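*Asks:* with the sequence up front, the predicted model follows.
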Amino acid sequence: MISTRLHAFSDYVIPATIALLGQAPGRGPGTRRIMEIGPPWHLAYTLVTRHEGGLVPHLSMRTHLALDALSALTFVGAGILMRREPTRDRALLVGLGLAELAWIALSDDKSDSQGPITPHG
């Protein structure tokens, strides 16, 4: 099982890596856009997750993982549907999405990090 601490660390490293990969020479314009939009979205919900990487902890780890899955499926779907993009770019998007789905499946959905105090615990 991947700890929430390791998952939180990856929530900063992986989007930065994807953003850099998106800027590679020869990258198709659609792929470049997807790889520019995904990382800021991921960073935004990471910052508000109740795990060791969250700065304003509001989202549960389960909600965070659901958003991760939505993002991963977006990459897979884009890779399948963007027929005018280079084959290598489409394969990269599908591969990134599938790798993220595997990472999600192995991640702990309960954080040890304490979120904001609520009346219900």
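*Replies:* That came through fine.

*Asks:* okay, now the unreliable bits of the protein?
*Replies:* Scanning the chain for pLDDT under 70 picks out the ranges 112-121.

*Asks:* one more pass at 50, please.
*Replies:* 115-121 (pLDDT under 50).

*Asks:* all helices for it, in order.
*Replies:* 4-22, 29-47, 61-81, 87-106 (DSSP state H).

*Asks:* may I see the ones you listed arranged in JSON lines, with mean neighbour count as well?
*Replies:* C-beta: built from backbone N, CA, C; applies to glycine. Converted to JSON lines, those look like this (neighbours: other Cβ atoms under 10 Å):
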{"stretch": "helix 4-22", "mean neighbour count": "17"}
{"stretch": "helix 29-47", "mean neighbour count": "17"}
{"stretch": "helix 61-81", "mean neighbour count": "18"}
{"stretch": "helix 87-106", "mean neighbour count": "17"}
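
*Asks:* for Leu55, find the nearest of the ones you listed.
*Replies:* Closest to Leu55 of these, according to Cβ to Cβ: helix 29-47, at 5.0 Å.

*Asks:* CA atoms only: put the closest one into CSV for me.
*Replies:* The C-alpha trace of helix 29-47 is given here as CSV (Å, rounded to 0.1, in the frame of the first residue of the first chain):
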residue,chain,number,x,y,z
PRO,A,29,-0.7,20.8,-29.9
GLY,A,30,-3.6,18.9,-28.4
THR,A,31,-1.3,16.8,-26.2
ARG,A,32,0.6,19.9,-25.2
ARG,A,33,-2.7,21.5,-24.0
ILE,A,34,-3.8,18.5,-22.1
MET,A,35,-0.4,18.3,-20.4
GLU,A,36,-0.5,22.0,-19.5
ILE,A,37,-4.1,21.9,-18.1
GLY,A,38,-3.8,18.7,-16.0
PRO,A,39,-0.9,19.7,-13.6
PRO,A,40,-2.4,23.0,-12.3
TRP,A,41,-5.8,21.2,-11.8
HIS,A,42,-4.0,18.4,-9.9
LEU,A,43,-2.0,20.9,-7.8
ALA,A,44,-5.2,22.8,-6.9
TYR,A,45,-7.0,19.9,-5.3
THR,A,46,-3.8,18.6,-3.8
LEU,A,47,-3.4,21.8,-1.8
